[in-house]
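Enquirer: please work out how this folds:
(one chain, ligands or ions: 1)
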Amino acid sequence: KRQRHRFPPGPRGYPVIGSVLQMPMQNAWLTYQRWGRDYGSDIIYLNVLGKHIYILNSANAVYDLLEKRSATYSDRVVTTMAHELVKWDKNFALLPYGDFWREHRKAFHRQFQPDMVPKYHSHMYKQARGLLGRLLAQPNALRKHLRLMAGATILGVCYGIDAQSENDHYLQIIEQAVHSLNEVAKPGAYLVDFLPILKYLPTWMPGTQFKRDAATWRPQVDLMFDEPFDVVKQSLDDGTAVDSVCASLLSEMDERKDKRYQETVIKQAVETAYIGGADTTVSALSTFVLAMVLNPEVQRTAQKHVDSVTGGDRLPTIEDRDSLPYITAIIKEALRWRPVLPLAVPHISTTDDEYRGYHIPAGSIIMGNAWAVLHDGSRYPNPDSFDPTRFLTLAGELDRDAPDALEAAFGFGRRICAGMHFALDSMWINAAYVFATLDIAKPVEDGRVIEPSGEYTTGLLEQPLPFKISVAPRSKIAEGLIRQREHGD
Ligand code: HEM
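Expert: Next up, the predicted model:
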């Protein structure tokens, strides 16, 4: 006898194909948030070609399922193109839940847990200084400068590689490979993901462009993982290794366990830091700059706070953080206002479950709508305005009772961002350096103020469309700090 299950409300689809035609292609998080309002439910259900999809639009639903029941909701979508043909599952953020993923997460955690991150601050300071100088010299290449800052910080920390410019050999290898991750991650981009049998077609047949794409991309992905790892391994053998995450993990290998297996885990875990950490940091800091351009009074207040702590004649350090809650609040607000991954990364359930009387079969796709959680007006009044004081008490301290934007901005449960503490410190240092030294504003061209569009790209990861800024040193002393520091003094 067939049991009838209850499912949450959602747009009614058509027989067989389900809601495939209703799936939003642009800014899906906004449509999902609106559906939540239209259907009066914080859980929305869609059936797309037989796949069960649940969208969680509230902090409660996200917490109940992705946090409290994280043993059930921590798997990942596995696709033929990304995982099998291009081998992007070397990126452990895409690995299915299980022991192999757990080994990666453990190795990564050993090096990126909160206690370890201070070891990496020197790399962050160095690259943040470089960013100041480049912004002054070339204000209209913000994205390029941020990419170099974020990429070089991670390469320095992970492999001890000192990338000087965007033409750095390793940065180029990685950038070339990462391009294909964006392509294979586009929903519905590859028919073979719906009909895996197509992978057996010979490459000369029409309609097999995906096989040619995979043949081009797979060696690029292999190279990106292999080359920096091999260089560190060789340097350990030669006795010339410098301090790095990769070198530490290789030196700590357990001699009783299989060497090749451990090396594979280390290679993949370390390179995932770049994949997980570069574009995300660029997006978050681009939003930070956009917010400062649009909210000059917030920028001025932050500058005053920084000056009151540094006296205006030195650069801030992370040790100043406790004295500068306003800067921390700006970082939280940037991550809340325009979350980098508005739908985080989808989770998959591994056993049948029931929640609020609704049936959730094993293999369902669960999307935590970080955007909806972080723009919930009952938790964040006036959610569209950029207001760091929402995280502060009247006395200007961080408000421990305010809902924390970090709860959704970095994802959920056992798959929560493994580089979160690293990301927060790196963002804080870059923002504090900018406040200490630079005025960032809308540029004026031919007597006209150029407004940023404020628009964002749409995809798994969102970032502001390129916008123009003007950058000026705040004072002669500030200019001196940038120049002096640039020369390594
Ligand atoms: C502002 C910057 C960042 C944001 C907003 C961000 C956000 C996220 C999100 C939303 C996820 C998916 C969580 C989920 O599935 O629920 C994630 C995963 C991950 N992130 Fe980040 N991230 C940032 C920076 C970084 C950095 C700097 C690193 C490395 C140093 C990093 C490493 C990772 C890794 C390894 C995963 C995969 C975790 C897993 O699947 O077990 N991230 N991040």
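
Enquirer: what residues does the stretch 301-450 of the chain put near the ligand?
Expert: 340-341, 344-345, 409-412, 415-419, 422-423 (CB under 6 Å from any ligand atom). C-beta coordinates here come from the backbone N, C-alpha and C atoms, glycine included.

Enquirer: those in strands, which ones?
Expert: Among those, none falls in strands (DSSP state E).

Enquirer: nearest to Val157 among those?
Expert: Comparing these against Val157 with CB to CB places Phe422 closest, at 7.9 Å.

Enquirer: for that closest one, grab the count of nearby residues.
Expert: By the criterion of other CB atoms under 10 Å, Phe422 has 25 neighbours.

Enquirer: OK, contacts around it?
Expert: Phe422 is in contact with Phe112, Val117, Tyr120, Val157, Gly277, counting by CB atoms under 8 Å, 6 or more residues apart in numbering.

Enquirer: now the two most distant members of the residues you listed.
Expert: Greatest spatial distance among the contacts of Phe422 (CB to CB): Val117 and Gly277, at 12.0 Å.

Enquirer: before we move on, back to that, looking at the residues of the stretch 301-450 of the chain next to the ligand, which are in helices?
Expert: Ala409, Phe422, Ala423 (DSSP state H).

Enquirer: got these as a markdown table, with distance to Ile482 columns?
Expert: Shown next, in a markdown table, are these (distance: CB to CB, whole Å):
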| residue | distance to Ile482 |
| --- | --- |
| Ala409 | 30 |
| Phe422 | 24 |
| Ala423 | 24 |
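
Enquirer: closest one of those to Ala334?
Expert: Ala409 (9.2 Å).

Enquirer: quick check: closest non-adjacent residue to the closest one.
Expert: Nearest non-adjacent residue to Ala409, counting by CB to CB, 6 or more residues apart in numbering: Leu335, 3.9 Å away.

Enquirer: near Ala273, how many other residues are there?
Expert: Ala273 has 22 neighbours, counted by other CB under 10 Å.

Enquirer: now do the one 4 residues further on
Expert: For Gly277, the neighbour count with other CB under 10 Å is 23.

Enquirer: the most centrally placed residue in the chain and Pro24, how far apart?
Expert: In the chain, the centroid-proximal residue (CA atoms, centre = their mean) is Thr280; its distance is 3.3 Å. From Thr280 across to Pro24, the span is 22 Å (CB to CB, to the nearest Å).

Enquirer: Val298 now?
Expert: 32 Å.

Enquirer: more neighbours: these two, which one.
Expert: Neighbours per residue, other CB under 10 Å: of Val298 and Pro24, the larger number sits with Val298, 19 against 13.

Enquirer: tell me the contacts of the more buried one?
Expert: Contacts of Val298 by CB under 8 Å, 6+ apart are Ala291, Met292, Ile330, Phe386, Pro388.

Enquirer: leaving out sequence neighbours, find the closest residue to the first one.
Expert: Excluding the flanking residues, the one nearest Ala291 by CB to CB, 6+ apart is Phe386, at 4.8 Å.

Enquirer: with the third one instead?
Expert: On the basis of CB to CB, 6+ apart, the spatially nearest residue to Ile330 that is not a chain neighbour turns out to be Pro388, at 4.6 Å.

Enquirer: likewise Ile327?
Expert: Ala432 (5.5 Å).

Enquirer: same check on Val282?
Expert: Nearest one to Val282, counting by CB to CB, 6+ apart, is Leu146 at 4.5 Å.

Enquirer: how much space separates the one you found from the ligand?
Expert: Distance of Leu146 to the ligand, given as CB to the nearest ligand atom, to the nearest Å: 12 Å.

Enquirer: thought that residue was touching Leu285?
Expert: Yes. Judged on CB atoms under 8 Å, Leu146 makes contact with Leu285 at a distance of 5.3 Å.

Enquirer: could I get the contacting residues of the residue of the stretch 1-150 of the chain found nearest the ligand?
Expert: Residue of the stretch 1-150 of the chain nearest the ligand, by CB to the nearest ligand atom: Ala93 (3.4 Å). Going by CB under 8 Å, 6+ apart, Ala93 touches Arg76, Thr272, Ile275, Gly276, Val345, Arg415.

Enquirer: may I see the buried residues of the helix or strand that contains the residue nearest to Val282?
Expert: Using DSSP states H and E, Leu146 sits within helix 142-159. Applying a neighbour-count criterion of 16 or more other CB atoms under 10 Å, one finds 142-143, 145-159 buried in helix 142-159.

Enquirer: now do stretch 198-212
Expert: For stretch 198-212, the buried set under the neighbour-count rule, 16+ other CB under 10 Å, comprises Leu198, Thr208, Phe210, Lys211.

Enquirer: show me what it is in contact with.
Expert: In contact with stretch 198-212 (CB under 8 Å, 6+ apart) are residues Thr80, Met81, Glu84, Leu85, Tyr190, Leu191, Val192, Ala215.

Enquirer: what's the ChimeraX line that selects buried ones from the residues you listed?
Expert: In ChimeraX, this line selects whichever of these come out buried by 16+ other CB under 10 Å:
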select :80,81,84,85,190,192
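
Enquirer: the contacts of stretch 198-212 in helices, which ones?
Expert: The helices, defined by DSSP H, take in Ala215 from those.

Enquirer: contact partners for Ser248?
Expert: Gln111.

Enquirer: may I see the buried residues of the host helix or strand of it?
Expert: Taking DSSP H and E as the definition, one finds Ser248 inside helix 245-251. Buried residues in helix 245-251, counted by 16+ other CB under 10 Å: Val245, Cys246, Ala247, Ser248, Leu249, Leu250.

Enquirer: tell me if that helix is near the ligand.
Expert: No. Judged by CB under 6 Å from any ligand atom, helix 245-251 stays clear of the ligand, getting no closer than 9.1 Å.

Enquirer: avg pLDDT for that helix?
Expert: In this model, helix 245-251 has an average pLDDT of 98.

Enquirer: repeat for stretch 215-224
Expert: pLDDT averaged over stretch 215-224 gives 96.

Enquirer: using CSV, lay out the contacts of stretch 198-212 together with distance to the ligand.
Expert: Below are these laid out as CSV (distance: CB to the nearest ligand atom, whole Å):
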residue, distance to the ligand
Thr80, 20
Met81, 19
Glu84, 19
Leu85, 21
Tyr190, 22
Leu191, 26
Val192, 24
Ala215, 27
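
Enquirer: avg pLDDT for stretch 59-67?
Expert: 97.

Enquirer: got the end-to-end distance for it?
Expert: 10 Å (CA to CA, to the nearest Å).

Enquirer: so for it, what gets flagged as buried?
Expert: By 16+ other CB under 10 Å, the buried positions in stretch 59-67 come out as Ala59, Ala61, Val62, Tyr63, Leu65, Leu66, Glu67.

Enquirer: okay, among those residues, which ones form the most distant pair?
Expert: So, these by CB to CB: farthest apart are Ala59 and Leu65, at 11.5 Å.
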